[in-house]
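[1] How does the following fold in three dimensions:
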Amino acid sequence: MNVTLYKQMMKVNRKSFLNYSFGSAFYILLMFWLYPGLAKNTKAIDELVNSMPEGVGRAFGLNGFGSAEAFISGEYYGLILVLILAIVCVQLSTQLMAKLVDQGSMAYILSTPTTRGKVAFTQAAVLTSGLFVIMAITTLAGFIGSLWFLGDAYAFDTLTFIQMNIAAFLLLFAVGGISFLVSTLSNDEKKALSISGFITFGFFSLDLIGKFSEKIEWLRNISIFSLYQPGEIINGNANLAVSFILLSFIGLVSFGLAIVLFRKRDLLL
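    Modelled structure (predicted):
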């Protein structure tokens with residue numbers, strides 16, 4: 001890894017990382033602030049959720065409001081967090097590779113005493129570090145929110161909350177890896193952004209549509225988003241070992257392949 005490049009790129013993207021981090025932290029604190037008021041009407045709200053078609057509940061991660069972690073899973077982790085950070089993965093991966101090639105900055109970086117492999121590895125490390133920072137601050141905000149707004153009045157399953165955050169990070173690691181692979185193979189920033197976006201939100205759409213009905217549930221089998229199951233984590237039905245291993249494998253293979261191919265490709269094409 002090129003330490004100098006890593007420090008510079010972290011500095012350049014620091015504002016973006018922090019903006020997304022504190023935006024996510026604010027939203028999750030808002031969820032903790034809202035929960036005590038909603039918890040007083042848990043029975044009525046749960047009845048409303050249960051009255052919805054089963055597919056709607058599964059699609060949008062509605063698990064009832066019986067616990068704080070179930071509420072946060074349904075209102076944030078089930079859809080909004082994943083959607084926002086998927087956008088982050090696509091944008092950042094494009095900025096870290098394809099944009100530099102498109103603007104000619106990559107040629108300047110490669111003119112220094114370094115190698116293509118080191119540059120690609122460093123940029124992958126920057127993307128992974130940024131995603132880790134976002135999820136770490138989100139997790140910390142969750143703990144602060146539980147202490148601040150819930151206290152001893154409401155139960156909060158710390159282990160389940162940690163598992164949800166690990167699952168979210170690994171999903172983003174896999175999505176980021178795929179987007180980074182696309183970015184390393186493109187000389188055009190807009191093309192890389194559109195292809196990465198199409199793949200990412202194609203997977204997202206397949207998973208979402210597949211949740212609506214058992215007849216088309218097979219669509220989820222071709223989406224990596226099916227490996228992210230916050231609702232099942234809340235219910236204790238998730239196979240965490242399998243999903244964690246597969247998401248880690250997808251991310252590692254994608255990043256590894258991106259580094260290998262970047263070393264060999266012609267940047268003029």
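[2] Pick out the residue closest to the middle of this structure.
    The geometric centre of the chain, computed from its C-alpha atoms, lies nearest to Leu172 (C-alpha atoms, centre = their mean), at 3.1 Å.
[3] which residue packs closest to it, ignoring adjacent ones?
    Across the structure, with C-beta to C-beta, 6 or more residues apart in numbering as the measure, the residue nearest Leu172 apart from its sequence neighbours is Leu131 (4.8 Å). Placement of C-beta: from N, CA and C, glycine included.
[4] My read is that the one you found contacts Ala86, right?
    No: Leu131 is not in contact with Ala86 according to C-beta atoms under 8 Å; the separation is 10.9 Å.
[5] tell me, what's touching the two both at once?
    Shared contacts of Leu131 and Ala86, defined by C-beta atoms under 8 Å, 6 or more residues apart in numbering, are found at Leu172.
[6] who's more crowded, these two?
    Between Leu131 and Ala86, Leu131 has the larger neighbour count (other C-beta atoms under 10 Å), namely 25 against 22.
[7] For the host helix or strand of the more buried one, buried residues please.
    Here Leu131 is covered by helix 116-145, with elements defined by DSSP states H and E. Residues 116, 118-128, 130-131, 133-135, 137-139, 141-142, 145 are the ones in helix 116-145 that count as buried (16 or more other C-beta atoms under 10 Å).
[8] just checking, Ile134 touches Ile87?
    No: counting by C-beta under 8 Å, Ile134 stays clear of Ile87, with 12.0 Å between them.
[9] and the residue nearest to the centre of the chain, what does it touch?
    85-86, 88-89, 131, 135.
[10] now do 6 Å
    Leu172 makes contacts with 85, 89, 131, as judged by C-beta atoms under 6 Å, 6 or more residues apart in numbering.
[11] what does Val88 give?
    Tyr20.
[12] The host helix or strand of it versus helix 116-145: what angle between them?
    Secondary structure here is read from DSSP H and E; on that basis Val88 sits in helix 80-96. Here helix 80-96 runs at an angle of 150 degrees relative to helix 116-145 (axes from the mean of the first three to the mean of the last three C-alpha atoms, to 10 degrees).
[13] Right, I'll leave it there.
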